[in-house]
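> structure here, sequence nowhere to be found:
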């Protein structure tokens, strides 16, 4: 009997993730990751439902270009996934970032993704 209990405990301990972190309340997916200019980027931001969620800002920034969009969120009633579209981006290496803001206006989470917009051979 002791052997069965010991094996059960070892099996349970082996199934626990090591160094597991709490999942981020914000996830970001940008597509395409590489495209030709002028590029249209589709940004999907996914948040966990939380009463503290009040706003989200999405930024597409390169060395020579900046564009952003911000929306208000209604706490736990806010949609889980929000889509943004950045149209006609010129060539450059972009950092696309999403920032989730809480009740006090302080950032709750921020995620980033790199995107490469390549100059086309048509004079761009």
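All right, it came through fine. As the structure is a computational prediction, the values presented were derived from the model and not from experiment.
> same for whichever strand in the chain runs longest, what does it pack against?
When every strand of the chain is counted residue by residue (DSSP state E), the longest turns out to be strand 107-118. Judged by 3 or more C-beta pairs under 8 Å, 6 or more residues apart in numbering; DSSP states H and E, the packing partners of strand 107-118 are strand 26-31, strand 34-36, strand 92-101. For every residue, glycine as well, the C-beta is placed using N, CA and C.
> go ahead and flag the most central residue of this protein.
residue 28 (2.0 Å; C-alpha atoms, centre = their mean).
> any idea what that residue is bridged to?
Taking DSSP bridges as the rule, residue 28 bridges to residue 45.
> quick check: it vs residue 90, distance?
22 Å (C-beta to C-beta, to the nearest Å).
> then residue 105?
32 Å.
> more neighbours, the two?
residue 90 (14 against 8; other C-beta atoms under 10 Å).
> can you put the helices and strands packed on strand 107-118 in a markdown table and add distance to residue 114 and mean pLDDT?
Listed next are the helices and strands packed on strand 107-118 as a markdown table, based on distance: least, C-beta to C-beta, whole Å; pLDDT from 0 to 100:
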| stretch | distance to residue 114 | mean pLDDT |
| --- | --- | --- |
| strand 26-31 | 9 | 97 |
| strand 34-36 | 10 | 96 |
| strand 92-101 | 6 | 98 |
